[in-house]
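Peer 1: here is my input, please return the structure:
(chains A and B)
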Protein chains: 2
Amino acid sequence: MRKKIRVVQYGVGPIGAGIVRLMREKQALEIIGAIDRDPEKVGRDLGELVGAPDAPWGIPVSAEAGPVLNRNADIVIHSTSSILKDAAGQLLECLEAGSSVISTCEELAYPFRKYPELSKRLDAKAKEWGVALVGTGVNPGFVMDKLVLTLATVAQRVNAARALRIVDASRRRLPLQKKIGAGLSVAEFREKAAAGVIKHQGLPESVAMVADGLGLPVEDITESIQPVVAEERVTTEFLEVEPGQAAGVHQIACGLGNGKELVRLELKMYVGAKDPCDTIELRGEPDISLTIPGGTHGDVATAAVVVNCIPAILAAPAGLRTARELPMCFFPPNAEP
Amino acid sequence: MRKKIRVVQYGVGPIGAGIVRLMREKQALEIIGAIDRDPEKVGRDLGELVGAPDAPWGIPVSAEAGPVLNRNADIVIHSTSSILKDAAGQLLECLEAGSSVISTCEELAYPFRKYPELSKRLDAKAKEWGVALVGTGVNPGFVMDKLVLTLATVAQRVNAARALRIVDASRRRLPLQKKIGAGLSVAEFREKAAAGVIKHQGLPESVAMVADGLGLPVEDITESIQPVVAEERVTTEFLEVEPGQAAGVHQIACGLGNGKELVRLELKMYVGAKDPCDTIELRGEPDISLTIPGGTHGDVATAAVVVNCIPAILAAPAGLRTARELPMCFFPPNAEP
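Peer 2: Okay, the predicted model is just below:
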């Protein structure tokens, strides 16, 4: 049997914990360390921290990245920030340790427009060390970009693409319900949205990936954010939303070119959403659409996409990669390393 | 500007002609030759043969493969047969000419179970010449295998997979309507099905690809074929089907293991189908499904999948590849070579 794939988890928040639990199920993987600077987590056993039934694992969470990264991991799963400029130092450190990286950092999913220089630097650093990195997850990374491009495989021509994702946030964790402004007054929502506190990151990155993948001449990418206002009282495990309060976000990102809307990605994520689903529509030859009834569950699916991506990123050419170019597939639990 | 990708079309039947027309739209491609042994086609201009508006192209169809393959094509698009043992000699000749190959041969899509020795031989020959080959199309190659595996990207566990494809053959070409037995008596249908004349090829190949991709322990693959019997008169452009006659095929391929049905692929292709669609269902964590309302159009989509696959197969490692491992994406008409 071949040597197992050695993995480090960098960031053990709710998403990181879900990733860790799923990685534990894969025979081909060996988790060799974990990094999180939260004093509540440092020193705790990783298995216990993520609520694994077979804990303890004998893997303490470390505050310092350096010593853990020096253990020569094949891959680091990075899950600390949505904002690339905040994550960049950590990512570079992982690459310099000679490890490939999969990050849930939304802005890394397709960073070329917003961060052209940093994209080049990450690409060059990865190539220098002969490793690959990618930012991915369910959105960005799958339902509003990779799946759009996958559907386009059966199209002879594509003139425009749209995706609509409706997520019922009622059953999601409290931080997410807060992040989307559920329970705020509309005025508070607008204030926090203007300050950038309320926002799902990654839509412009998905627009850019779709535009480039379809060869659509998108010149400008616009983004708007509005509250979904509750029409009736919504009660979740964590909070209550009264009629007239914000129930969540309605975000639209558009890719414009030739005076037309070429790509439109629309996200409605709110508590009490009635008909959650993911829908994609391509206009072209032929017109074609696709629906995932009920939609993909954000946290479950992000952990799945990240872990399923491990074989692909290890097989990818060195450099900064994107979901666009990786063959996405399932990572069977019994797969060999 | 970089040198264009040099392409040869091997087989100019209805599918091959559709592929050729689509390839002509891609700036990155240069069609440098065409092969077909049909005396009705030999010597004719390829553009005229495929009904291109900008014909003639100055590319005569050749009966002999050798001289065309010796023109040093980067890739040969091969579309002559559904049966791998009939196509193998042609495929080997393409590889020996140093060209990568995309073939619509259904049995090549995932040939390892039915043709273990021939698979090894094709893989070795491709590696010897530093080129890659793949069998693909819409089915097998996309809706009942690659798309199943793509959807599984958002799953943490998959216990079983099903796909149902319902195709309305009314608007398809006459050879296809005949191939599925439309207009035959049920007795004639059963006779021809038993003789292997009526059959959509490729379902067992898709079952095997899905099983391997999901890590499901499929030991046996079964296949059945029944007529869809018309309940009312159906009139197409080419033929009439009376009530009680066969309107088309109902094929089911199953992957069995551990005493369970782990993969089930069901194809209903008949004239007068009321609700054409492609549907995928995964059982696991979570259960998830996907629908393409109206379904993908077989001929249009096969040409699309084949042409869209060109960049991926040229970038793939040498050897016998499958859709499972290739990043499927759109090939923009304005993409650079």
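
Peer 1: residues contacting residue A:221?
Peer 2: Applying Cβ atoms under 8 Å, 6 or more residues apart in numbering or on different chains, we find residue A:221 in contact with A:113, A:204, A:207, A:208, A:253, A:254, A:255, A:256. Any C-beta I mention is one placed from the backbone N, CA and C, and that applies to glycine too.

Peer 1: may I have the lowest-mean-pLDDT helix or strand in chain A as CSV, with CA atoms only?
Peer 2: Here the helix or strand of chain A ranked lowest by mean pLDDT, DSSP states H and E is helix A:174-179, holding a mean of 87. The C-alpha trace of helix A:174-179 is given here as CSV (Å, rounded to 0.1, in the frame of the first residue of the first chain):
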residue,chain,number,x,y,z
LEU,A,174,-26.0,31.0,14.1
PRO,A,175,-22.9,32.8,12.7
LEU,A,176,-24.3,32.4,9.2
GLN,A,177,-27.7,33.6,10.2
LYS,A,178,-26.1,36.7,11.7
LYS,A,179,-23.7,37.1,8.7
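
Peer 1: and the contacts of that helix?
Peer 2: Residues outside helix A:174-179 that contact it (Cβ under 8 Å, 6+ apart): A:14, A:169, A:183, A:198-200, A:236, A:238-239, A:248, A:271, A:298-299.

Peer 1: switch to 6 Å and redo it
Peer 2: With contacts defined as Cβ atoms under 6 Å, 6 or more residues apart in numbering or on different chains, helix A:174-179 is touched by A:169, A:238.

Peer 1: kindly report the domain assignment for chain A.
Peer 2: Domain ranges of chain A: A:5-137+A:300-325, A:146-295, per automatic domain parsing.

Peer 1: tabulate those (CSV), appending distance to residue B:94.
Peer 2: Formatted as CSV, those follow (distance: least, Cβ to Cβ, whole Å):
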stretch, distance to residue B:94
domain A:5-137+A:300-325, 26
domain A:146-295, 23
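
Peer 1: please name the bridge partners of residue A:165.
Peer 2: Beta-bridge partners for residue A:165, by DSSP bridges, are residue A:267, residue A:278.

Peer 1: ok, it touching residue A:267?
Peer 2: Yes. Applying Cβ atoms under 6 Å, one finds residue A:165 in contact with residue A:267, separated by 5.0 Å.

Peer 1: mutual contacts of the two, please.
Peer 2: The contact sets of residue A:165 and residue A:267 do not overlap (Cβ under 6 Å, 6+ apart).

Peer 1: before we move on, back to that, ok, so of the contacts of residue A:221, who is nearest residue A:95?
Peer 2: Using Cβ to Cβ, residue A:113 is the member of those that lies nearest residue A:95, at 21.6 Å.

Peer 1: so the closest one makes contact with residue A:206?
Peer 2: No. In this structure residue A:113 lies outside contact range of residue A:206 using Cβ under 6 Å: 11.6 Å.

Peer 1: next up, phi/psi of the residue nearest to the spatial centre of chain A, please.
Peer 2: Taking Cα atoms, centre = their mean, the centroid of chain A lies closest to residue A:137, which sits 3.1 Å from it. For residue A:137, the backbone dihedrals (degrees, to the nearest 10) come out as phi 160, psi -160.

Peer 1: tell me which element the nearest residue to it once chain neighbours are set aside is part of?
Peer 2: Nearest residue to residue A:137 in three dimensions, chain neighbours excluded: residue A:302, at 4.1 Å (Cβ to Cβ, 6 or more residues apart in numbering or on different chains). Here residue A:302, judged by DSSP states H and E, is contained in helix A:298-308.

Peer 1: using PDB, list the CA coordinates for that helix.
Peer 2: The C-alpha trace of helix A:298-308 is given here as PDB (Å, rounded to 0.1, in the frame of the first residue of the first chain):
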ATOM      1  CA  GLY A 298     -23.800  25.200   2.000                       C
ATOM      2  CA  ASP A 299     -21.700  23.800   4.900                       C
ATOM      3  CA  VAL A 300     -22.100  20.100   4.100                       C
ATOM      4  CA  ALA A 301     -21.400  20.800   0.400                       C
ATOM      5  CA  THR A 302     -18.400  23.000   1.000                       C
ATOM      6  CA  ALA A 303     -16.700  20.400   3.200                       C
ATOM      7  CA  ALA A 304     -17.600  17.800   0.500                       C
ATOM      8  CA  VAL A 305     -16.200  19.900  -2.400                       C
ATOM      9  CA  VAL A 306     -13.000  20.700  -0.500                       C
ATOM     10  CA  VAL A 307     -12.300  17.100   0.400                       C
ATOM     11  CA  ASN A 308     -13.400  15.700  -2.900                       C
END
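
Peer 1: which residue packs closest to the one residue in the stretch 101-250 of chain A that gets nearest to chain B, ignoring adjacent ones?
Peer 2: Shortest the stretch 101-250 of chain A-to-chain B distance, computed as Cβ to the nearest Cβ: residue-wise this is residue A:215, at 2.2 Å. Leaving aside its chain neighbours, residue A:215 sits nearest to residue B:332 (2.2 Å; criterion: Cβ to Cβ, 6+ apart).
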